[in-house]
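K.L.:
Fold the following for me, if possible:
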Amino acid sequence: GIGNAVEVKLGRKTVTYHIVDSVEADPLESKISDESPIGRVLIGKKVGDTAEIDLPAGKTKIEVLTIK
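P.N.:
A predicted model of the protein is given here:
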């Protein structure tokens, strides 16, 4: 949910995103909006959940590793 830090495996790399509302979003600081494509997919997910996401570079698998 909003305010959580979520570590995910996105394709071949591991990334930590902080889910924030659209006003606070700053991709350069890994703060993504709950309305962004990745944010929408992550909302409601639990550790171990996977999903496929459509990004500009194409479809990518995303796996939730940790939620803080």
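K.L.:
Please make it C-alpha for all contacts and neighbour counts, starting now.
P.N.:
Will do.
K.L.:
got the contact list for the residue of the chain most remote from its centre?
P.N.:
Most distant residue from the mean C-alpha position of the chain: Val23, 16.7 Å away (CA atoms, centre = their mean). Applying CA atoms under 8 Å, 6 or more residues apart in numbering to Val23 gives the contacts Ser33.
K.L.:
what pLDDT does it get?
P.N.:
Here, the pLDDT recorded for Val23 equals 94.
K.L.:
And it, how far from Asp34?
P.N.:
To Asp34, Val23 is 10 Å away according to CA to CA, to the nearest Å.
K.L.:
Kindly report the same for Ile19.
P.N.:
Ile19 is 6 Å from Asp34, by CA to CA.
K.L.:
ok, those two, which is more surrounded?
P.N.:
The neighbour count for Ile19 versus Asp34, taken as other CA atoms under 10 Å, is higher for Ile19 (26 against 21).
K.L.:
Check that one and give its pLDDT.
P.N.:
Taking Ile19 on its own, its pLDDT is 97.
K.L.:
picking that back up, tell me the residues that contact both of Ile19 and Asp34, please.
P.N.:
What both Ile19 and Asp34 touch, as defined by CA under 8 Å, 6+ apart, is the set Gly1, Ile2.
K.L.:
mean confidence for the longest strand that the chain contains?
P.N.:
Longest among the strand segments of the chain by residue count, using DSSP state E, is strand 58-67. The pLDDT scores in strand 58-67 average 94.
K.L.:
Much appreciated, bye for now.
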